[in-house]
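Q: Structure for this input, please:
(3 chains)
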Amino acid sequence: MPEAKAAVASPIADLHIAGIAKSFDSVRVLEDINLIIPDGQFVTLLGPSGCGKTTLLRIIAGFELPDRGSVRLGEIDLLSLPPNRRPVNTVFQSYALFPHLSVSDNVAFGLRAKRLPEADVRKRTDTMLESMRIGELRNRRPQQLSGGQRQRVALARALVNEPEVLLLDEPMSALDARLRHDLQAELKRLQRSCKITFLLVTHDQDEAIAVSDRILIMNKGHIVQDGTPEQVYERPISRFVAEFMGSANVIAVSSWRDDHGAIATTPVGEIRLSTIPSWTTGYIAIRPEDIEVRDIAGPACLPAQIEDRMFRGDHWELVLVFGRERLRVKTEPDQHHTVGQWVWAELPHDDVLVLAE
Amino acid sequence: MNAVQSPERQKSATQPIVYHGEFTTVKRLRRRGWLLMSPGIVWLIFFLALPLFGILTMAFLSRGEYGGIEWHFTFENLFNLFGFGPLGWARDNFVIFTRSIILASVTTLLCLLLALPIAITISRSPRRWRMLLLALVMVPTCVNLVIRTYAWQLVLGNQAPPAWICQQLGLIGPHEALYPGAFAVYVGMVSCMLPFTILPLYSSVERLDWQVVEAVHDLYGGRWHVLRHGILSQIGPGLIAALVLTLVPSLGMFVVSDLLCGAKFNLIGNLIEQQFHSASNWPLGAMMGLTLVCVSLAGLMALFRWGNGLGGGH
Amino acid sequence: MRLGKTAFTATLVGFLLMYVPLLAVAVMSFNTTARGQRWGGFTTAWYVHMVGNQKILEAAWNTLVIAVASTALSTILGTLLAIGLSRTPLSKPMRRCTDLLTGLPVVTPDIILGISFVGTFAMLRSLTPWFNSGLSTLIIAHTTFEVSFVALVVSARLAMIGQEQIEAARDLYASTHVMWRKILLPQLAPGIIAGALLAFVLSVDDFVVTFFLYSPTVTPLPIMIQGSLRMGVTPDIHALSTVIVAITTLAIVGAALFSRKPPTEIP
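A: As a prediction, this is how the structure comes out:
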């Protein structure tokens, strides 16, 4: 008997989000969000708190209604369906496991709510418990589980229903760093094997880079950059993204001139840029690992003094002072310098990124 | 692209919203809610709010011929209350009032003096003990008032240890007991009301920041200062609650005095009870009840004002 | 802390004050001496005698009937009230009104409650003989002050369950019916039981309100005890009191156990 309750989507279902806007008490939380998520992609909504990422997730899940816009999953108009009829499942930040039910009853809950025959329910639940490696916990209560175990139960509970889209609301924020690292890898593997669209919300950029196929960076209700982890990391589009990803040094440009290519005047010195900026004043960025530290001056080199150096195992982190500006630089572990030493910093113009604002 | 206008939509009750994952409207939620609440609300209005209002009205009605009520509005009861009877001013009622107020106040004071150290002791004991101690404090509250009170007749009787000790010390005569008498009443009252003082006080004491107390101790040294600036200033709300929850019920009590002292120790509660049973002057009783409520409310408000000052000033 | 000695003595005095009377009664109930406080010897004869006492049995029956009836009524009314209050968005002024109404029985002194019931029932009596002093009025009165306590306990329990579980249930395809039957009610049940136990205790141990409403034919236990006290204390009463204290304590402990938060810490 077909699952009467949940609407079934067409075989390949892409998630279309168009024109979504939402306010709470006259505070604009989301403004004109448009995006398409193809089936089977692992997408992360990344941004600081208050940027609207959780609200967007909740709108897709069905716990909020947007002021404007539409959300379609293939042919289905999701917004017309209450959450209990959307083929979408959520892993909540605090997991929201049912404390009065055992692990297996928790996992089986959705299937039973859909009135599937009990034999099917049991089979599917057992399979899911085994594949998530929590089989021996099946009769325990959530209170008796550790944080990592609870997360797996929450995942199992959601995935056993074979949703079209799995939504994850900061699922690792309650776990310690080492556990997080392991679970990130597992999450990635899980998504690859079940091929379900995963939509993850987080404020942790390392997590986003580790798991996603695609990252959407949000700020103040807008999507500011949409790209692969490499793209977002190496080519931040704006000052906000560069600073949020923490990957690049942001340098203010007071003016620039055209001299066989753009040359920018900055507090650090004169820097040749890779492209012509569209603005007269703005920002450029360069990643710490792209700055080369040399003893002899060469092209695109600027003088600087080493203020600080820290060993990080696989590289040195240096802080170079240019006048009053400081730039972070990463060098090979075998390069040795001393604090206070004057060096030449090469900023290759190919690696200097012109930021959009 | 159009400039996006800020949504000036009114909060309409028929607007679709999502409530805990359910598609509904505020209107429908309210309708369903009132359906659930109405049996309870109707009951409370009919059997609680209206009767209380009835007492309010009754206070201003006249006593009927054979003890009923006559629908004749008057302030007579107010005068009777203060002792202005047909034979001029009698001090009986005044005495009773004063006695009640003194009893309630002293009881409350004694309870507070005992409750604070007890609350502190409990809050500083190891976790396991804490739950047990609190439970021990709560249990007597639920035991029948009559039983709790008459038990003191036993304990303070002339053959029991306490009386015997006092006889030996020469505080009382050789065959006298500690009961009936004013002393017994106070003991009984404190015994009954103490749990009501401890519990609200405890909830504030539990959250005390002991570092502040230590700091005050370092600064000032003296016990009194530590108490006043360190402890009392932090537990203002709990103190008020404890005070209120002890004083208000104490004002209306009459069972304790009745059992431990008999007819000699009349209180407001006894007076009111008499109006409704023997004297059959319901309107007067209602007026007395009303006065009791007003005095309690007045005391409450005064304490809140004063309490805010006590809690805020460091 | 320097407060040590004072605190300790105060605690000792306090607990003595609260418990000595109860212990005294319990002890005396096993005493062979009928009157006075001298210790004669251990006996359970008074308990046996108590069970044979007709007046006591009648009063106990009355108390039981009133307690069970009022507990049933107040639990139903109170639970519905709590659920309605918790799951309905009300405007601020309206919320204040309902909170006030629900909290009224808790803050009103017993004696005021007593006299207001007397007045109302007198008036209603002129309409129908239903409201003559006796069982019906006592049940109604007890129910009235119990409702608030039940509502309080159940509301707290509902708040503890929290919004996220309800959303999770919805996310997992639960209809309203399923959500109630499988998620909310099972977790609410202990709270409802705790509320019912509390209501039961309040009814059995009430004195003041009952004092204003009893009739010669319907005399609950506390009134009966107080009445016989006027004629001097008998050990029957001690035995009876000890039994009442025991039942009350058990019920309260039960209510506390049912109100416990489910453990959330990892062992």
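Q: Correct me if wrong: B:C261 contacts B:V187.
A: No: at 11.1 Å, B:C261 and B:V187 do not qualify as touching, with contact defined as CB atoms under 8 Å. For every residue, glycine as well, the C-beta is placed using N, CA and C.
Q: which one of the two has more residues nearby?
A: Neighbours were counted for B:C261 and for B:V187 using other CB atoms under 10 Å in any protein chain shown; B:V187 has more, 23 against 19.
Q: name the element the more buried one belongs to?
A: Using DSSP states H and E, the element containing B:V187 is helix B:182-205.
Q: Can you name every helix or strand that that helix contacts?
A: helix B:92-123, helix B:127-142, helix B:145-155, helix B:236-252, helix B:255-261, helix C:4-28 (3 or more CB pairs under 8 Å, 6 or more residues apart in numbering or on different chains; DSSP states H and E).
Q: which stretches of chain A aren't confidently modelled?
A: Scanning chain A for pLDDT under 70 picks out A:1-12, A:357.
Q: top helix in it by residue count?
A: Taking DSSP state H as the criterion, chain A has its longest helix at helix A:177-194.
Q: what residues are up against B:H72?
A: The neighbourhood of B:H72, defined by CB atoms under 8 Å, 6 or more residues apart in numbering or on different chains, consists of B:L61, B:S62.
Q: Got the confidence number for it?
A: Looking at B:H72, its pLDDT reads 70.
Q: Next: C:K261.
A: Value listed for C:K261 in the pLDDT field: 66.
Q: how about JSON lines for the helices and strands packed on helix B:182-205, with mean pLDDT and distance to C:V48 added?
A: Shown next, in JSON lines, are these (pLDDT from 0 to 100; distance: least, CB to CB, whole Å):
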{"stretch": "helix B:92-123", "mean pLDDT": "84", "distance to C:V48": "39"}
{"stretch": "helix B:127-142", "mean pLDDT": "78", "distance to C:V48": "27"}
{"stretch": "helix B:145-155", "mean pLDDT": "82", "distance to C:V48": "20"}
{"stretch": "helix B:236-252", "mean pLDDT": "81", "distance to C:V48": "37"}
{"stretch": "helix B:255-261", "mean pLDDT": "81", "distance to C:V48": "27"}
{"stretch": "helix C:4-28", "mean pLDDT": "80", "distance to C:V48": "16"}
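Q: of all those, which lies closest to chain A?
A: helix B:127-142 (18.4 Å; CB to the nearest CB).
Q: Give me the distance from that closest one to the chain's centre.
A: Relative to its chain's centre, helix B:127-142 lies at 20 Å (CA atoms, centre = their mean, to the nearest Å).
Q: Same question for stretch A:117-134.
A: The answer for stretch A:117-134 is 30 Å, by CA atoms, centre = their mean.
Q: ok, and what's touching that stretch?
A: A:1, A:103-104, A:107-108, A:111-112, A:135, A:137-138, A:149, A:152-153, A:155-156, A:159-160.
Q: OK, contacts around residue 141?
A: Using chain A here. A:P99, A:H100, A:L101, A:S102, A:V103.
Q: wrong one, chain C
A: B:F47, C:L113, C:F117, C:V209, C:T210, C:L213.
Q: how does it look with 10 Å?
A: By CB atoms under 10 Å, 6 or more residues apart in numbering or on different chains, the residues touching C:A141 are B:47-48, B:51, C:66, C:70, C:113-114, C:116-118, C:120-121, C:203, C:206, C:209-210, C:212-213.
Q: In terms of helices and strands, where is the residue nearest to it when sequence neighbours are not counted?
A: Nearest residue to C:A141, sequence neighbours excluded (CB to CB, 6 or more residues apart in numbering or on different chains): C:F117, at 4.8 Å. Element membership for C:F117 (DSSP H and E) is helix C:110-125.
Q: And for the closest residue to C:I111 other than its chain neighbours, the neighbour number?
A: With sequence-adjacent residues excluded and distances taken as CB to CB, 6+ apart, C:I111 is closest to B:G252, at 4.3 Å. Using other CB under 10 Å, B:G252 has 24 neighbouring residues.
Q: Surely B:G252 and B:T291 touch.
A: No: B:G252 is beyond contact range of B:T291, at 11.1 Å (criterion: CB atoms under 10 Å).
Q: Now list whatever residues contact both of the two.
A: B:I268, B:I272.
Q: hang on, C:V106 packs against C:V150?
A: No: counting by CB under 10 Å, C:V106 does not reach C:V150; the two are 11.6 Å apart.
Q: who has more neighbours, the two?
A: Between C:V106 and C:V150, counted using other CB under 10 Å, the more crowded position is C:V150 (31 against 10).
Q: any chance you could map the strands in the stretch 201-314 of chain B?
A: Here the stretch 201-314 of chain B has no strands by DSSP state E, counting those that start in this stretch.
Q: Run through the helices of it in chain order.
A: Residue ranges of the helices in the stretch 201-314 of chain B, as given by DSSP state H, counting those that start in this stretch, are B:210-220, B:223-225, B:236-252, B:255-261, B:268-276, B:282-312.
Q: Chain C now?
A: Going by DSSP H, chain C shows helices at C:4-28, C:45-52, C:54-86, C:92-107, C:110-125, C:135-161, C:163-171, C:176-178, C:185-204, C:208-213, C:221-229, C:235-258.
Q: name the helices or strands packed onto the fourth one?
A: Right, the one you point to is helix C:92-107. On a contact count with 3 or more CB pairs under 10 Å, 6 or more residues apart in numbering or on different chains; DSSP states H and E, helix C:92-107 meets helix B:26-44, helix B:236-252, helix C:54-86, helix C:135-161.
Q: Show the contacting residues for the closest residue to chain C within the stretch 1-150 of chain B.
A: Closest contact between the stretch 1-150 of chain B and chain C, by CB to the nearest CB, is at B:G33 (2.6 Å). By CB under 10 Å, 6+ apart, the contact list for B:G33 reads C:I83, C:G84, C:L85, C:S86, C:R87, C:T88, C:P89, C:L90, C:T98.
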